[in-house]
Structure formats: structure tokens, C-alpha cells
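Novice: coords please:
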Amino acid sequence: MADHHPTGIKRWLFTTNHKDIGTMYLWFSFVMFIVGGSMAMVIRAELYQPGLQFVDPNTFNQMTTMHGLIMVFGAVMPSMVGLANWLIPMQIGAPDMALPRMNNWSFWILPFAFTLLLLSFTMPGGAPNFGWTFYAPLSTTYAPPSTDFFIFGVHMMGISSIMGAINVIVTVFNMRAPGMTLMKMPLFVWTWLITAFLLIMVMPVLAGAVTMMLTDRHFGTSFFDAAGGGDPVMFQHIFWFFGHPEVYIMILPAFGVVSEIIPAFSRKKLFGYASMVYATASIALLSFIVWAHHMFTVGMPVAGELFFMIATMLIAVPTGVKVFNWVATMWKGSLTFETPMLFSIAFVILFTIGGFSGVMLAMAPIDFQYHDTYFVVAHFHYVLFPGAIFGTTAAVYYWMPKWTGKKCNEKWGKWHFWLSMIFVNLTFFPMHFSGLAGMPRRIPDYNMMFAGFNELASIGAFGLGLVQILFLFIVIKTVRSGEKSEKKPWDGATGLEWDQIDTPAPYHTFDTPPKVS
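Specialist: Alright, predicted model coming up:
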């Protein structure tokens with residue numbers, strides 16, 4: 001028996017158990033969240049007042065680059081994969097993920113990829129300093145030597161993501177319990193299935209872009225070098241063909257989480273289940289034809305601008321369907337406001353604000369004014385922080401009793417929520433105004449007229465960072481000494497996964513397939 005149930009460090013190194021792997025993904029993503037967040041603290045400290053105070057411009061650029069890369073690839077994406085590992089087998093009645101050894105490998109690639117990325121700080125010339133979008137020729141002709149570490153790190157992250165996505169697809173198609181048809185699956189499973197297809201389609205595109213960067217740097221090619229017949233704008237097309245679906249890769253699983261939590265605390269079935277599935281699929285399909293809305297200012301033909309403008313505004317329709325369905329689910333429900341529900345409602349409200357500013361940015365003539373200002377920074381942070389990160393946080397609070405057999409302290413959870421809510425708005429809302437007034441992104445110094453908004457944003461950012469330490473405290477306290485959870489911890493919570501087992505055991509497998517109503 002001991003061979004099958006290793007203990008200590010071996011358990012975590014060699015585990016093929018979906019719960020252990022999910023746990024490792026979630027802890028890894030939290031560590032990266034703190035690392036990326038500390039870089040954001042450096043950025044906000046520098047921008048607290050005009051004038052250079054803490055770091056020189058090159059260090060500032062390194063911080064903005066690494067903050068973006070670590071938050072996207074190290075914090076948000078692994079957290080969603082961690083949720084997938086924990087929840088998908090439970091929700092479809094499978095004993096584990098379909099490809100457990102590949103599952104282990106896909107996780108253990110990540111620490112090495114990010115070690116490679118962080119080691120770039122120790123190299124001559126410092127870390128990459130060309131922005132998280134690594135536009136050529138900044139990232140090819142003028143980049144520091146550490147760019148090669150970055151390229152290999154991105155390749156490793158991509159391999160990990162593709163393996164995770166294959167695992168999800170194979171599990172969902174082959175391991176559903178008898179009677180669990182596709183249209184009976186919980187929405188979280190649906191959103192992750194669609195996300196997995198997006199990952200498989202776009203990660204090779206990113207791999208192509210960084211490989212072309214590598215050959216431009218070292219092998220005499222000139223894909224992105226105009227002097228050799230290449231085109232720097234082609235880099236932007238390739239990058240954003242990956243980059244826009246990537247945005248939905250980060251947010252769709254959070255849509256699934258919220259679609260599970262809101263019905264549970266509204267004591268109602270989700271309004272419009274089928275329309276939610278179709279809306280998610282529509283968003284995924286449309287995400288492939290809107291990439292150049294990031295590029296209105298490169299001088300594309302007016303017909304191109306019109307196409308990308310209309311396609312981008314069109315994507316607001318299925319997104320609006322989802323928001324409508326969440327609100328309709330709450331309408332006349334027996335609502336209670338436990339911590340997961342509070343985070344989910346905040347998700348809906350603040351994500352919608354991010355959506356509105358997205359529609360503004362979708363309009364080509366207006367985008368000419370907003371492009372590369374802090375308005376864009378405000379927009380995507382409203383989508384990603386109250387979106388992806390609030391979604392993950394809500395999931396942790398909601399499923400923690402399922403995972404550990406213990407409930408989080410509601411009082412502390414509510415403190416975490418309200419402080420996060422205050423500080424996230426204090427941080428990112430003023431950025432809309434500084435952006436509208438013309439403050440450009442990615443600069444370490446600025447005109448005195450922007451000082452007030454930046455001061456507010458910096459105070460908010462430091463508050464937001466400290467509050468996440470409270471979240472860490474809550475999670476550790478729950479795991480170590482939390483109150484024992486009853487079998488159905490949330491009164492009236494719906495969903496197959498609550499009916500499986502009393503308390504999760506680390507190596508539990510189902511003796512009989514779960515009953516599906």
C-alpha cells in the first residue's frame with residue numbers, strides 16, 4: 001500500500017491525484033500572485049508622486065514587464081487550472097483526471113519556467129524591460145540578454161498549458177458518469193471545456209511568435225526587422241491573435257465559478273442554462289476575430305478598422321446575455337450574502353464596468369485617444385482583478401468545505417471582501433480619469449496634473465496588497481483549525497459535487513458512479 005500512497009515530499013513530487021495537483025496549482029498561483037503583486041507595489045510606489053523617487057526608469061520598465069507576465073501566466077492561469085483539477089472530476093463524477101501522469105508533469109514544468117523568468121533579474125542588463133506584450137523590435141533588436149530566458153520560460157508555460165487543456169478535454173469527453181450528458185454538466189465544466197479548446201488553438205501561436213523572436217535575435221532571420229524585409233507590425237498581429245483569446249482563457253472559468261455560486265445562494269436554478277453554454281461558446285469563437293482592436297493606431301485600412309470595431313462590439317452581446325442571466329437568477333431568489341456570494345456579486349458589477357470601458361475602447365476613432373493611456377490600464381484591470389481574481393477567491397471560499405472538510409470564518413471572509421472591494425476601486429477607478437486626461441502607460445514619471453489620481457491609486461494598491469495577506473491568513477487558519485463543515489455547508493447549495501462524499505480524503509475514488517438526477 002505504501003507504494004501507492006507515498007508521504008512527505010514524495011507525495012507532492014510524484015502525485016497523480018487530481019486533488020493534490022489542484023492544491024499545488026492553487027498554492028503556486030498564490031505565491032506568484034504575491035511575487036507579481038510586490039512588483040506592482042514597486043510600480044505604485046514610484047508613481048505615488050511625480051519625480052523619480054525609488055527606482056530608475058529601466059528598473060521601472062522591468063517591473064511593469066515582469067508584473068504583467070507573472071500575473072497573467074503565473075497567477076491567473078495556474079489558479080484556473082487548479083480549480084479545474086479539483087472540481088472537474090468531482091462535478092462530472094469521474095475518479096480522477098484522464099491523464100494523471102501528464103497532469104503531474106504539466107504542473108511541475110511551471111516552477112522551473114518561472115524560476116527561469118525570475119533568474120533574468122540576475123543577468124547582465126537585468127530582466128526583460130519591453131512590456132508584457134514584448135513588441136518587436138524592442139524585444140528583438142534592443143532587448144537585454146535575459147530575453148532568451150524569457151523566451152524559454154514562455155515555451156515551458158505554453159507546454160504546461162497545452163497539456164493541462166488536453167487533460168481537461170479528454171476527461172470531460174471520456175469520463176463523465178452514466179447519465180451525465182453534455183447539457184447536464186455544471187457550467188464550470190462547460191466554461192473550462194471551451195477554455196481548453198481556446199488554449200490548444202492559441203498557445204502554439206504564442207510559441208511561434210517567441211520562436212521567431214529567438215531566430216531574429218540569434219539566427220540572422222528578420223521576421224520583425226524592417227531593415228531585412230520583415231515587419232514589426234506583423235509581430236503585433238501574431239501576438240494579439242494569441243493575446244485576445246488569452247483574455248477569455250483567463251475569464252471564462254471565472255464565469256463558470258460565478259454561474260455555480262449565484263444559483264446556490266439565490267436558492268434557484270441558473271436562469272437560461274442553455275443560453276449560458278451557447279453564449280460562452282460564442283464568446284470563444286468571436287475572440288478569434290477581434291485581435292486587431294489592440295492595433296487601431298498602427299495605420300490599418302479603414303475597412304479593417306470597421307471590421308474589428310463591429311466584431312468587438314458584437315462580442316458584448318453574448319457577454320451581456322451572461323450578465324442578464326446572472327441578474328435574472330438572483331431576481332426574486334431567497335438571497336443570502338455569505339462571502340462567496342459577495343465576491344460573485346462584486347464580480348458581476350465590476351466586470352460589467354470593465355465591459356463598458358471595453359465597448360468604449362472598441363470604437364476606433366475613440367480608441368485613437370485612449371490608446372496606451374491609463375484608461376486602458378483601468379479597463380483591463382477591472383476585467384482581471386475583480387474578474388479573474390475575485391472569481392478564483394469566490395471559488396476558494398465556496399469549495400473550501402468540500403476540499404478540506406472545514407469552513408472558512410465568515411466574519412474574516414467578509415472583512416476580506418469589503419476591504420478588497422474598497423481598495424480595488426480606489427486603485428483602478430482613478431486610472432480612468434488620469435487616462436482620459438492623457439496620462440500615458442508604462443512611464444516612471446508624469447506631469448503634476450496627474451498627481452492626485454496617482455496618489456489615490458497608490459494608496460489603494462498598497463491596501464489591496466495587504467488585504468491579500470489577510471486572505472492567506474484565513475486559508476491557513478481554515479486548513480489548520482477551521483470549524484468542521486457539515487455535509488452540505490451552504491444551505492440550499494445545488495450541484496452534483498456536494499452529494500459525493502462526506503469529507504474529502506486525499507486518495508478517494510468513487511466506489512459506484514454518483515447518481516445523477
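Novice: so Met63 makes contact with Met39?
Specialist: Yes - look at Met63 against Met39 with C-beta atoms under 8 Å: they come within range, at 4.7 Å. C-beta coordinates here come from the backbone N, C-alpha and C atoms, glycine included.
Novice: Could you name every residue contacting both of these two?
Specialist: Residues touching both Met63 and Met39 (C-beta atoms under 8 Å, 6 or more residues apart in numbering): none.
Novice: So between those two, which is more surrounded?
Specialist: Met63 (23 against 20; other C-beta atoms under 10 Å).
Novice: what's near enough to touch Val277?
Specialist: Met183, Leu187, Trp190.
Novice: Could you measure from it over to Ser259?
Specialist: 10 Å (C-beta to C-beta, to the nearest Å).
Novice: got the contacts of Val277 as JSON lines, with secondary structure, pLDDT and distance to Pro440 columns?
Specialist: Formatted as JSON lines, the contacts of Val277 follow (DSSP: H, G, I helix; E, B strand; the rest coil; pLDDT from 0 to 100; distance: C-beta to C-beta, whole Å):
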{"residue": "Met183", "secondary structure": "helix", "pLDDT": "96", "distance to Pro440": "48"}
{"residue": "Leu187", "secondary structure": "helix", "pLDDT": "97", "distance to Pro440": "39"}
{"residue": "Trp190", "secondary structure": "helix", "pLDDT": "98", "distance to Pro440": "40"}
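Novice: Show the buried residues in the residues you listed.
Specialist: Among the contacts of Val277, those buried by neighbour count (16 or more other C-beta atoms under 10 Å) are Leu187, Trp190.
Novice: got the contacts of Val277 as a markdown table, with distance to Trp12 columns?
Specialist: Shown next, in a markdown table, are the contacts of Val277 (distance: C-beta to C-beta, whole Å):
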| residue | distance to Trp12 |
| --- | --- |
| Met183 | 37 |
| Leu187 | 31 |
| Trp190 | 30 |
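Novice: Return the member of the contacts of Val277 nearest to Phe223.
Specialist: Ranked by distance to Phe223 (C-beta to C-beta), these are led by Trp190 at 37.7 Å.
Novice: nearest residue to the closest one other than its sequence neighbours?
Specialist: Residue nearest to Trp190 in three dimensions, not counting chain neighbours: Val277, with 5.3 Å by C-beta to C-beta, 6 or more residues apart in numbering.
Novice: what does the model give Gln500 for pLDDT?
Specialist: Here the pLDDT value assigned to Gln500 is 42.
Novice: Could you do Gly8 as well?
Specialist: The model reports Gly8 with a pLDDT of 86.
Novice: Out of the contacts of Val277, flag the one nearest to Pro128.
Specialist: Checking the contacts of Val277 against Pro128 by C-beta to C-beta gives Trp190 as the nearest, at 36.3 Å.
Novice: Tell me the spacing between the closest one and Ala279.
Specialist: 10 Å.
Novice: Could you list the low-pLDDT ranges of the stretch 351-500 of the chain?
Specialist: Within the stretch 351-500 of the chain, the stretches with pLDDT under 70 are 491-500.
Novice: those strands in it, which residues are they?
Specialist: For the stretch 351-500 of the chain, the strands defined by DSSP state E, counting those that start in this stretch occupy 406-407, 483-484.
Novice: Could you single out the nearest of the contacts of Val277 to Ala292?
Specialist: Checking those against Ala292 by C-beta to C-beta gives Trp190 as the nearest, at 28.6 Å.
Novice: Next one: that closest one from Ala136, what distance?
Specialist: Trp190 sits 37 Å away from Ala136, going by C-beta to C-beta.
Novice: ok, and which of the strands of the stretch 351-500 of the chain has the densest surroundings?
Specialist: strand 406-407 (a mean of 19; mean count of other C-beta atoms under 10 Å).
Novice: Could you spell out the sheet neighbours of it, each with its direction?
Specialist: Partners of strand 406-407 in the sheet, by DSSP bridges, are strand 483-484 (antiparallel).
Novice: now the partner strand, how far from the chain's geometric center?
Specialist: In terms of C-alpha atoms, centre = their mean, to the nearest Å, the centre of strand 483-484 is found 30 Å from the chain centre.
Novice: Show me the contact partners of that strand.
Specialist: Contacts of strand 483-484 (C-beta under 8 Å, 6+ apart): Gly405, Lys406, Lys407, Asn409.
Novice: can you do 10 Å?
Specialist: Pro401, Thr404, Gly405, Lys406, Lys407, Cys408, Asn409, Glu410, Pro489, Thr503 (C-beta atoms under 10 Å, 6 or more residues apart in numbering).
Novice: give the contact list for the closest residue to the fourth one other than its chain neighbours.
Specialist: In other words, Lys406. Using C-beta to C-beta, 6+ apart and skipping the chain neighbours, the partner closest in space to Lys406 is Gly482 (3.2 Å). Applying C-beta under 10 Å, 6+ apart to Gly482 gives the contacts Met400, Pro401, Thr404, Gly405, Lys406, Lys407, Cys408, Asn409, Ile474, Val475, Ile476.
Novice: now the residue nearest to Ser266 when sequence neighbours are not counted: how far from Lys269?
Specialist: Computed as C-beta to C-beta, 6+ apart, the closest residue to Ser266 that is not its neighbour in sequence is Gly333, at 3.1 Å. From Gly333 across to Lys269, the span is 10 Å (C-beta to C-beta).
Novice: what's the overlap in contacts for these two?
Specialist: Shared contacts of Gly333 and Lys269, defined by C-beta under 10 Å, 6+ apart, comprise Pro263.
Novice: More neighbours: the two, which one.
Specialist: Each of Gly333 and Lys269 has its neighbours counted (other C-beta under 10 Å); Gly333 has more, 17 against 11.
Novice: thinking the more buried one is in contact with Ile345, fair?
Specialist: No - using C-beta atoms under 10 Å, Gly333 is not in contact with Ile345, being 11.9 Å away.
Novice: Which neighbours do those two have in common?
Specialist: Common neighbours of Gly333 and Ile345, counting by C-beta under 10 Å, 6+ apart, are Ile262, Phe265.
Novice: returning to that earlier point: and the residue nearest to Ser266, which of the three is it?
Specialist: Classification of Gly333 using DSSP: H, G, I helix; E, B strand; the rest coil returns coil.
Novice: And for the one 3 residues further on?
Specialist: In the three-state summary, Thr336 is assigned as coil, counting by three-state DSSP.
Novice: I'd like the distance between it and Ile283.
Specialist: In terms of C-beta to C-beta, Thr336 sits 30 Å off from Ile283.
Novice: So for these two, which sits in the more crowded spot?
Specialist: Each of Thr336 and Ile283 has its neighbours counted (other C-beta under 10 Å); Ile283 has more, 24 against 13.
Novice: where's the more buried one, which helix or strand?
Specialist: helix 273-286 (DSSP states H and E).
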